[in-house]
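>>> Need a 3D model of the following:
(chains A and B)
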Amino acid sequence: MKGRVLIADDAAFMRQMIRDILEAEGLEVVGEAVDGVEAVEAFEQLHPDLVTMDIVMPRCSGIDAVKRILALDPGARIVMCSALGQETLVMEAVQAGAKDFIVKPFKPESVGVTLKKVLEKSE
Amino acid sequence: MDLAKYRALFLEEATDHLGEISRALLLLEKDPASRDAIDLVFRMAHSIKSMAASLGYDGIAELSHKLEDRMDRVRSAGRVAPGEETALLFRGLQALERMVATVEQTGEAPPADPDLARELARGGDAPGDDGLKKKALTSSLLRRSRRP
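Now for the predicted structure:
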């Protein structure tokens, strides 16, 4: 699987875990963002093929960042990183235009299947 | 998975987050309606929950989840109830500090104190229409998280 990915998550632990999973799948991590504002700025600069977006982040939430990124690029491919207990927020993000979601704690195989599906669907 | 690498990251970040929670709770003692402090405790508890769940530290994940849910209700109420609720949040913080210290010392996380978990969960609402929708999506999320 090929693709350039931006990771947005306020926790260094989660960014590292996602990076390891993506790189094992052959994807290139082109940037990391620690909040929604950085995610939007990094998207504008890097034009990644896909963004993994945490929901709960400081300054600007993942959902607001999805809306801002899609306003810049309606074709942007964003996958939400959700946790149990965030079901309403996941629904809101998908309604806002996120393509799919992955659930913490991550199962690497399931993350790979979801990202591959999103990357292939839009090619 | 390189457990040693992730455990070190967890200990560093969880300790930092617990320090942030402590400072925010001290602020909430003085200003129970501080939105920034309420949001920060919610966010830090959420982050600890996700990290702990990723490493199989179920007790820490459970207690931090209860603290996160409690802070969600505090957020809806707009303020922490001074006195008993503030004391309960501090007890949650202290319990998490002890559990993280145990991970550092032994590599294993102890189970959550069931009485404390129950107290943090007290005051929850019965699910209405929105709650039922959430339950349906929870089932979907669970299926996805269990997918091989």
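
>>> Which single helix of chain B contains the most residues?
Under DSSP state H, the helix in chain B containing the largest number of residues is helix B:3-30.

>>> what pLDDT, on average, does that helix get?
For helix B:3-30, mean pLDDT rounds to 95.

>>> Show the average pLDDT along the helix or strand harbouring residue A:40.
Assigned by DSSP states H and E, residue A:40 belongs to helix A:36-46. The predicted model assigns helix A:36-46 a mean pLDDT of 97.

>>> That helix: which residues count as buried?
Neighbour-count burial for helix A:36-46 flags A:36-40, A:42-43 (criterion: 16 or more other CB atoms under 10 Å in any protein chain shown). C-beta coordinates here come from the backbone N, C-alpha and C atoms, glycine included.

>>> Is whatever helix or strand comes next after that helix positioned near chain B?
Of the helices and strands lying after helix A:36-46 in sequence (DSSP H and E), the nearest is strand A:50-54. No - judged by CB under 8 Å from any CB of the partner chain, strand A:50-54 stays clear of chain B, getting no closer than 8.7 Å.

>>> ok, and what's touching strand A:50-54?
A:3-11, A:14, A:18, A:22, A:27, A:39, A:43, A:62, A:65-66, A:69, A:76-81, A:93, A:98, A:102, A:115, A:118-119 (CB atoms under 8 Å, 6 or more residues apart in numbering or on different chains).

>>> Buried ones among the residues you listed?
Buried among these by 16+ other CB under 10 Å: A:3, A:5-11, A:14, A:18, A:22, A:27, A:39, A:43, A:62, A:65-66, A:69, A:76-81, A:93, A:98, A:102, A:115, A:118-119.

>>> Out of those, which sit inside strands?
Counting by DSSP state E, the part of these found in strands is A:5-8, A:78-81, A:102.

>>> Farthest-apart pair in the residues you listed, please.
Greatest spacing in these, by CB to CB: A:6 and A:102 (14.8 Å).

>>> Can you pull out the low-pLDDT segments for chain B?
Residue ranges of chain B with pLDDT under 70: B:123-148.

>>> Do a quick rundown of the helices in the chain.
Defaulting to chain A. With DSSP H applied, chain A shows helices at A:12-24, A:36-46, A:62-72, A:87-96, A:108-121, listed in chain order.

>>> meant chain B, my bad for not saying
B:3-30, B:35-55, B:58-77, B:84-106, B:114-121, B:129-146.

>>> Across the sheet, point out what pairs with the residue nearest to the spatial centre of chain A.
Residue closest to the mean C-alpha point of chain A, counted by CA atoms, centre = their mean, is residue A:52 at 1.3 Å. For residue A:52, the beta-bridge partners are residue A:7, residue A:79 (DSSP bridges).

>>> How about the residues of chain A by chain B?
A:10-14, A:16-17, A:20, A:56-58, A:82-85, A:87-88, A:90-91, A:102-107, A:109-110, A:113.

>>> Drop anything exposed from the residues you listed.
Counted by 16+ other CB under 10 Å, the residues of chain A next to chain B give A:10-11, A:13-14, A:16-17, A:20, A:56-57, A:82-85, A:87, A:90, A:102-107, A:110, A:113 as buried.

>>> quick one: the residue nearest to the spatial centre of chain B from residue B:18, how far?
Per CA atoms, centre = their mean, the C-alpha nearest to the average position across chain B is that of residue B:64, at 2.0 Å. With the distance defined as CB to CB, to the nearest Å, residue B:64 ends up 10 Å from residue B:18.
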